[in-house]
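Here is my input; please provide its structure:
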Amino acid sequence: MAAACVRTLGRISRCSVPSQTRRTGNFSVQVQLFRGPSRSYGTGDAGFRSRIFSAAPLRGGSRILPCAFFLGAGLGLYQTVKLSFQRQLAAQDSNAPRRELKLTLYQYKTCPFCSKVRAFLDYYGLPYEIVEVNPVMRQEIKWSQYRKVPILMVDGTQLNDSSVIISALKTYLFSTEKTIPEIITYYPELKSKNEKGKEVTEYCNKYWLMLTEAESGKLYLEKDSRKEEMKWRQWADDWLVHLISPNVYRTPREALASFHYIVHEGKFSSFEGFFAKYLGAAAMFLISKRLKRRHNLQDDVRQDLYAAVDDWMSAIGKKRPFMGGEKPNLADLAVYGVLRVMEGLQAFDDMMENTKVERWYRRVEEAAQRHSRRT
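From the prediction side, this is the model:
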């Protein structure tokens, strides 16, 4: 919303001054090994065996056939042991670390969806380059038909939508066989029109990790932990993220402070920055009022933010440091990424003071920073 507002204001500034079918739902992707028609390499039926042993002995005595039989059995045993050894080596190779991916993230720094992706990449220690996109001209992504951020380029393959990016990369990290181009086919695009007639794009299965049953069992050790993770990842996208704008643009003063931060951290020309800061702050203050009505928020939108954060902390409970247990899971990283964009603003300070989220937040922050390898 803020980016769209900034793009409009940027235009004003330039005029003002010279210048495979997959199932959805509750399922786990099964990877099956399909074999061709089987063939038995035995010694044949009883009649065949009797004919061999009843055949006339060859010159040299009756010891040739038994020797040949035991020689064949020995060779068969050798081949069996050899095949077993090769399979063990293949299994060891599949558990070996996979080569590093070349990752480039196109983003707005203050976008909560982009922040989610950065939190994931940082926590898993994936090295990546950042390309800050100008929200007015968006020249940095003019090569893409997809005109939103985040966009993540992975070895030349384009990934869109923050939740798809996270699910696809997590699948790649935990799967022993799948490639990124293969994984991305599990998240097909669905285009439709919203109530205003505008075309929108949604992605199927975007909260699912495409793992085999065995891989899922290793990752999700507790009963229902997978459903819990998916539920709260979706909650972060469908509810929590919509509380950010009404809170950071709650008053004219907060709106101005928010746009000062956006201009400082973003990629703007001097003219764009000037108009974005002052006209953008005024516009977003008015837009935040409309967002409050759209999402049925209270007059004091802080109360909705506090309630959402309290719901999150109640879901984690007192017996575990993260929703993922001893380590953050994808829901932890998503919620942390969304809340992080308010840092340095009054809404963030108020949230820390009036909820119990701070200790959890600092734990996730420390875990993400410990592994960060961004460039």
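
Okay, strands next: where are they in the stretch 51-200 of the chain?
103-107, 128-132, 151-154, 157-160, 189-193, 199-203 (DSSP state E, counting those that start in this stretch).

now, of those strands, which is deepest in the fold?
Most buried of the strands of the stretch 51-200 of the chain by mean neighbour count (mean count of other Cβ atoms under 10 Å) is strand 151-154; its value is a mean of 22. For glycine as for every other residue, the C-beta is placed from the backbone atoms N, C-alpha and C.

What strands line up against it, and which way round?
Strands that pair with strand 151-154, judged by DSSP bridges, come out as strand 103-107 (antiparallel), strand 157-160 (antiparallel).

would you turn the strands of the stretch 51-200 of the chain into JSON lines with distance to Asp122 and mean pLDDT?
Shown next, in JSON lines, are the strands of the stretch 51-200 of the chain (distance: least, Cβ to Cβ, whole Å; pLDDT from 0 to 100):
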{"stretch": "strand 103-107", "distance to Asp122": "11", "mean pLDDT": "97"}
{"stretch": "strand 128-132", "distance to Asp122": "9", "mean pLDDT": "96"}
{"stretch": "strand 151-154", "distance to Asp122": "14", "mean pLDDT": "98"}
{"stretch": "strand 157-160", "distance to Asp122": "17", "mean pLDDT": "96"}
{"stretch": "strand 189-193", "distance to Asp122": "27", "mean pLDDT": "89"}
{"stretch": "strand 199-203", "distance to Asp122": "23", "mean pLDDT": "88"}
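
can you redo those strands as CSV with distance to His264?
Output for the strands of the stretch 51-200 of the chain, formatted as CSV (distance: least, Cβ to Cβ, whole Å):
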stretch, distance to His264
strand 103-107, 16
strand 128-132, 12
strand 151-154, 23
strand 157-160, 27
strand 189-193, 35
strand 199-203, 31
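
Which one, of those, ends up nearest to Gln145?
Shortest distance between Gln145 and the strands of the stretch 51-200 of the chain, using Cβ to Cβ, is found for strand 157-160: 9.5 Å.

Pull the residues that contact the closest one.
144, 146, 148, 150-153, 165, 168-169, 180-181, 184, 201, 203 (Cβ atoms under 8 Å, 6 or more residues apart in numbering).

Looking at the residues you listed, which is nearest Glu366?
Relative to Glu366, the closest of these is Leu169; by Cβ to Cβ it sits at 21.5 Å.

contacting residues for the closest one?
Counting by Cβ under 8 Å, 6+ apart, Leu169 touches Phe120, Leu121, Tyr124, Leu126, Leu152, Val154, Leu159.

circling back to that earlier point, and the contacts of strand 157-160, which two are furthest apart?
Using Cβ to Cβ, the pair of the contacts of strand 157-160 lying farthest apart is Lys148 and Pro181, separated by 21.3 Å.

With neighbour numbers in mind, choose between those two.
Set side by side, Lys148 and Pro181 show more neighbours around Lys148, with 18 against 11, by other Cβ atoms under 10 Å.

Please report phi then psi for that one.
Lys148 has phi and psi values of phi -110, psi 170 when expressed as degrees, to the nearest 10.

any idea how far it lies from Pro135?
With the distance defined as Cβ to Cβ, to the nearest Å, Lys148 ends up 11 Å from Pro135.

Now do stretch 174-189: distance to the chain's middle.
How far stretch 174-189 lies from its chain's middle: 12 Å, per Cα atoms, centre = their mean, to the nearest Å.

Stretch 290-300 now?
That offset, for stretch 290-300, works out to 29 Å (Cα atoms, centre = their mean).

Alright, that wraps it up for me.
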